[in-house]
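Visitor: structure for this input, please:
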Amino acid sequence: MKEASEHQLSQAELLELQRWNTPSVYNGWEQITKSDAGKDGFNLEECRDFMPEMGPMVGYAVTVVVEPSNPEHRKQNPKAWSEYRRYVASLSGPKIAVVQDLNKPETIGSFWGEVNSSIHRALGCVGTITDGAIRDLDEMRTVGYKAIARRLCVGHAYSHPVRWNCPVEVFGRSVEPGELIHADKHGFLVVPQEDRRRLLDATRFMDSNECRTMISAARQSCGVPLEQLLARIDDACDEFSKRARTKFMQKQE
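Guide: Model prediction:
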């Protein structure tokens, strides 16, 4: 596992990041990353936010793998739940529990319900991303535990931690323990440690850049002749690109 404290953001920075939706944070992140921004970072498969009214969530990944169809895991390690909970509790928050379900694409049972959500909330988790199922939806909302998942499910089957504090893959995206995640109804973004320090500043800038150029030009269109409007938007797009190049010139150095 990577050192979780490296490039740790302050509570104030995390709160401010939570004010933007995930696409806005992505707009900032793609300006500072050296990755292929068209492919890397976010979920590649469709996922569903079951609590969109709760808005975005931001936190550091705690990871676990489950296999609800297999009763043998309980026999192999009857203390797994206790050991897993101590792992979750040992890390600083806010945390997002990222769960890889080995039964995917089948749905055999849910790792999440009212009890498990309440326990994870008490241990500093703000929500989960799971490519499996959730249940007790209303109760999870009451707990204040956000869930991005594949579907709903009635039963829990043999839900049991198989392994944890390990790399997982959910919705086509690999996640390492301790990685910063921003997630909402659009999906989720996994931010590499080396990009954390500049993420908030880049997000602020790109949001402001859009508002001051292209968005304002497009919305001030009442009564403007068409050719003048198109010219104004062209100029605004050029200004947007110029501002971004100037701000993030060091990315190309």
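Visitor: and residue 185, how many residues sit next to it?
Guide: 17 (other C-beta atoms under 10 Å). C-betas here are computed from N, CA, C, even on glycine.
Visitor: quick one: residues contacting it.
Guide: 49, 52 (C-beta atoms under 8 Å, 6 or more residues apart in numbering).
Visitor: just the one 3 residues further on next, same as before
Guide: Applying C-beta under 8 Å, 6+ apart to residue 188 gives the contacts 22, 42, 43, 47, 129, 148, 171, 173, 181, 182.
Visitor: just residue 50 next, same as before
Guide: Here residue 50 is in contact with 134, 137, 140, 147, 148, 149, 152 (C-beta under 8 Å, 6+ apart).
Visitor: please report the distance of it from residue 240.
Guide: 35 Å (C-beta to C-beta, to the nearest Å).
Visitor: name the helix or strand for residue 126, please.
Guide: strand 125-130 (DSSP states H and E).
Visitor: after that strand, which helix or strand is next?
Guide: Downstream of strand 125-130 (by DSSP H and E), the next one is strand 133-134.
Visitor: who's in contact with that next one?
Guide: 50, 101, 107, 109-113, 128, 140, 147, 149-153.
Visitor: got a quick ChimeraX command for the buried subset of those residues?
Guide: Burial among these is assessed by 16 or more other C-beta atoms under 10 Å; the matching ChimeraX selection reads:
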select :50,101,107,109,110,111,112,113,128,140,147,149,150,153
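Visitor: by pLDDT, give me the weakest of the contacts of strand 133-134.
Guide: Sorting the contacts of strand 133-134 by pLDDT puts residue 107 at the bottom of the list (90).
Visitor: over to the closest residue to residue 9 other than its chain neighbours: give its phi and psi.
Guide: Closest residue in space to residue 9, ignoring its immediate chain neighbours: residue 196 at 5.9 Å, by C-beta to C-beta, 6 or more residues apart in numbering. When read as degrees, to the nearest 10, the backbone of residue 196 gives phi -60, psi -40.
Visitor: tally of neighbours for residue 71?
Guide: Neighbours around residue 71, by other C-beta under 10 Å: 11.
Visitor: let's number from 25 now, not from 1
Guide: With 25 as the first residue, the last one maps to residue 95.
Visitor: so what's it up against?
Guide: Remark: with contacts taken as C-beta under 8 Å, 6+ apart, residue 95 is in contact with residue 182.
Visitor: ok, 10 Å please
Guide: 181, 182, 184 (C-beta atoms under 10 Å, 6 or more residues apart in numbering).
Visitor: excluding its backbone neighbours, what's nearest residue 133?
Guide: residue 181 (2.5 Å).
Visitor: for the one you found, give its distance to residue 131.
Guide: In terms of C-beta to C-beta, residue 181 sits 9 Å off from residue 131.
Visitor: remind me which residues of the stretch 25-174 of the chain are low pLDDT?
Guide: Across the stretch 25-174 of the chain, the ranges flagged by pLDDT under 70 are 25-31, 58-63.
Visitor: can you do 90?
Guide: 25-32, 54-65, 96, 98-100, 117 (pLDDT under 90).
Visitor: re the thing from before, the residue nearest to residue 133 contacts residue 91, correct?
Guide: Yes - assessed by C-beta atoms under 10 Å, residue 181 is found in contact with residue 91 at 9.3 Å.
Visitor: residue 172 sits in which helix or strand?
Guide: Using DSSP H and E, the element containing residue 172 is strand 170-173.
Visitor: name the helices or strands packed onto that strand?
Guide: strand 72-73, strand 81-90, strand 119-125, strand 149-154, strand 157-158, helix 161-167, strand 204-208 (3 or more C-beta pairs under 10 Å, 6 or more residues apart in numbering; DSSP states H and E).
Visitor: partners of that strand in the sheet?
Guide: strand 72-73 (antiparallel), strand 149-154 (parallel) (DSSP bridges).
Visitor: next SSE downstream of that strand?
Guide: Per DSSP H and E, the helix or strand that comes after strand 170-173 is strand 175-176.
Visitor: circling back: can I get the strands paired with strand 170-173 in TSV including distance to residue 83?
Guide: Shown next, in TSV, are those (distance: least, C-beta to C-beta, whole Å):
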stretch	distance to residue 83
strand 72-73	15
strand 149-154	5
